[in-house]
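Peer 1: starting from these lines, generate the structure:
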Amino acid sequence: MDDDARAFNGLRPRLQKIAYRMLGSVAEAEDIVQDVWLRWHAASREQIDNAEAWLVAVTTRVSIDRLRAARTQREHYTGAWLPEPQLSGSPATPEEAVERSDDVSVAFLMLLERLTPEARAAFLLREVFDADYDEVAAAIGKTEAACRQLVSRAKAQLREERARQVVPRETHHRLLRMFAHAVERGDFPAINALLAEDALLIGDGGGKVQSLAKPLHGGRRIAQLFYAGSRRYGSAVSVRLVVLNGEWALLRFIQGRLEAALSLETDSERIVRLLVQRNPDKLARIAAAFTSA
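Peer 2: Below is the predicted model of the structure:
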């Protein structure tokens with residue numbers, strides 16, 4: 001492996017993280033990083049003073065272009081669009097858990113969809129990847145002053161939405177474990193008791209499988225939905241706790257086949273929001289990991 005390849009591969013995880021947080025898609029992120037590799041391979045080294053800055057800038061610009069195109073496509077997406085979840089290892093410390101989930105959780109990636117592509121890039125580079133403003137400016141092709149404005153406005157736009165009670169990781173895990181057991185048993189009272197009265201469920205089937213056309217409001221209605229699935233499939237339903245995007249989450253299997261990935265938000269007492277990914281294209285990598293395990 002030559003020096004150029006070593007330099008790129010050393011930075012590949014960082015580039016992948018930037019692209020994934022920009023697009024909310026593992027496949028898109030991988031494609032972007034491959035595109036950047038081809039550009040890196042063809043670039044004149046005399047014009048590159050700093051390999052990392054160059055690669056981050058190119059990754060960011062390609063991601064901005066892809067996000068613009070993706071937004072046009074998502075306008076015609078069937079039903080709600082949710083980010084593609086990623087399996088991740090359990091953080092070693094509570095501090096790592098908070099740090100990791102704060103900038104990559106499915107809920108946070110959904111929140112970033114509210115920002116323009118340039119604002120999303122500036123916010124992520126500055127607030128998540130700790131880039132200096134001169135680096136942000138070089139990456140997105142704007143002045144430092146403009147980048148400061150973009151980041152400030154993005155923070156203000158996200159601040160109110162992100163303000164939520166910090167739930168201890170152990171409490172979150174306990175509630176999810178109880179919910180998993182209740183769903184597997186088909187225990188309607190237990191499922192209902194774990195859901196807040198004003199709970200919200202958002203499902204993404206991508207037009208590939210049956211899913212909700214719009215968000216479902218109300219804990220009892222959501223409980224009835226899960227209960228109906230338990231009644232239909234009985235003992236064929238199994239639920240497994242895993243770490244997705246840095247947070248404890250659930251995988252639901254039917255007859256051993258991955259059917260859904262559930263990211264659940266709690267208030268430390270009950271579940272308040274469920275983000276249910278059922279699009280098989282977005283579950284393929286997770287399903288493959290369990291098939292090969």
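Peer 1: can you pull out the helices in the stretch 1-150 of the chain?
Peer 2: 3-23, 26-42, 51-74, 94-104, 106-112, 117-123, 133-140, 144-162 (DSSP state H, counting those that start in this stretch).
Peer 1: okay, the angle between the longest one and helix 26-42?
Peer 2: Taking axes from the mean of the first three to the mean of the last three CA atoms, to 10 degrees, one finds that helix 51-74 is oriented at 140 degrees with respect to helix 26-42.
Peer 1: also the last one?
Peer 2: In terms of direction (the same axes, to 10 degrees), helix 144-162 departs from helix 26-42 by 160 degrees.
Peer 1: for helix 144-162, name the packing helices and strands.
Peer 2: helix 106-112, helix 117-123, helix 133-140 (3 or more CB pairs under 8 Å, 6 or more residues apart in numbering; DSSP states H and E). Bear in mind the C-beta positions are built from the backbone N, C-alpha and C, glycine included.
Peer 1: deepest-packed of those, please.
Peer 2: helix 117-123 (a mean of 23; mean count of other CB atoms under 10 Å).
Peer 1: that one packs against which elements?
Peer 2: By 3+ CB pairs under 8 Å, 6+ apart, helix 117-123 packs against helix 3-23, helix 51-74, helix 133-140, helix 144-162.
Peer 1: would you single out the least confident of these?
Peer 2: In terms of average pLDDT, helix 144-162 trails the rest of these, at a mean of 89.
Peer 1: and the next element down the chain from that one?
Peer 2: helix 169-185 (DSSP states H and E).
Peer 1: quick one: buried residues of stretch 262-275?
Peer 2: For stretch 262-275, burial by neighbour count (16 or more other CB atoms under 10 Å) applies to 262, 263, 264, 265, 266, 271, 272, 273, 274, 275.
Peer 1: ok, residue 37 touching residue 11?
Peer 2: No. In this structure, residue 37 is not within contact of residue 11 by CB atoms under 8 Å, at 10.4 Å.
Peer 1: pretty sure residue 268 is touching residue 168, no?
Peer 2: Yes. Using CB under 8 Å, residue 268 is in contact with residue 168, at 7.2 Å.
Peer 1: of all the helices and strands packed on helix 117-123, which lies closest to residue 111?
Peer 2: Nearest to residue 111 among these is helix 144-162; the distance by CB to CB comes to 5.5 Å.
Peer 1: that closest one: how far from the chain's middle?
Peer 2: 20 Å (CA atoms, centre = their mean, to the nearest Å).
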